[in-house]
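Peer 1: No sequence on hand, only this structure:
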């Protein structure tokens, strides 16, 4: 992991890769919107990260219209396009922490419940099951010591490595930024234009392949 101590002392960026191991959140499935609200209130906070952030790294999730599981379930199972749209535009990285994200999701569901004349339900087998995941991190053996190394190694990084260093990093770094930016700011001759450019990348609706190409384009421009 590209920890701050490593960046400060060695100025070496160790490229990592990762995989996730899924498990249930320990709650019964929700077959209607009221039950979904109750489950979200009680679920471990890691469940929200799984359903809003880790969809990108899951090969089974591939939906160009919705980027999180709740919006997709609202659309395909509840047949509630209004709710799906409201949940679908949530940017989970725009919240100070996941508890704030939980509050927003609950607020949207409560507002929608107040609008409904009846409470649609789905068959038990189609209920929403809250899940969570453990992240397994491993070393790729690649070490970077200069900004130019980002351009050298970036094209060969896996999508899961991009996810780990650019998105998952925002849970680990003190200023909630990506690992590349965090590492670059401690270099002796830090490339401030590149750091600023990374901060301007709008990754909210990019898949990992698109994000990788955006990173390559950004590095090409500023190096």
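Peer 2: Okay, I see it. What you are looking at is a predicted structure, and each value in this text was computed from that prediction instead of being measured. Numbers count the residues shown, from 1 in each chain.
Peer 1: Would you tell me which helix is longest in the chain?
Peer 2: Ranked by number of residues, the top helix in the chain under DSSP state H is helix 98-115.
Peer 1: Summarise which helices and strands it is packed against.
Peer 2: helix 33-42, helix 45-52, helix 81-88 (3 or more C-beta pairs under 8 Å, 6 or more residues apart in numbering; DSSP states H and E). All C-beta spots, glycine's among them, are computed from the backbone N, C-alpha and C.
Peer 1: So what touches stretch 192-202?
Peer 2: The contact list for stretch 192-202, computed with C-beta atoms under 8 Å, 6 or more residues apart in numbering, reads 147, 177-178, 180-181, 184-185, 211, 214-215, 218-219, 221-223.
Peer 1: circling back to that earlier point, can you tell me which of the helices and strands packed on helix 98-115 is most buried?
Peer 2: helix 45-52 (a mean of 21; mean count of other C-beta atoms under 10 Å).
Peer 1: chain center to the helix or strand following that one, what's the gap?
Peer 2: Next in sequence after helix 45-52, counting helices and strands by DSSP states H and E, comes helix 69-76. On the basis of C-alpha atoms, centre = their mean, to the nearest Å, the separation between the geometric centre of helix 69-76 and that of its chain is 17 Å.
Peer 1: Could you do stretch 111-118 as well?
Peer 2: For stretch 111-118, the distance to the chain centre is 29 Å (C-alpha atoms, centre = their mean).
Peer 1: And for it, what's in contact with it?
Peer 2: 33, 34, 37, 80, 82, 83, 86, 119.
Peer 1: Identify, from the residues you listed, the entry nearest to residue 167.
Peer 2: residue 86 (22.8 Å; C-beta to C-beta).
Peer 1: Leaving aside the residues adjacent along the chain, what's closest to the closest one?
Peer 2: residue 108 (5.0 Å; C-beta to C-beta, 6 or more residues apart in numbering).
Peer 1: my guess is the one you found meets residue 85, correct?
Peer 2: No: assessed by C-beta atoms under 8 Å, residue 108 is found out of contact with residue 85, at 10.2 Å.
Peer 1: hang on, the earlier thing: give me the local confidence score for the residue nearest to residue 86.
Peer 2: Note on residue 108: pLDDT of 98.
Peer 1: How about the one 4 residues further on?
Peer 2: At residue 112, the model reports a pLDDT of 97.
Peer 1: From residue 192, how far out is the most centrally placed residue in the chain?
Peer 2: Nearest to the mean C-alpha position of the chain, by C-alpha atoms, centre = their mean, lies residue 53 at 2.7 Å. As judged by C-beta to C-beta, to the nearest Å, residue 53 and residue 192 stand 28 Å apart.
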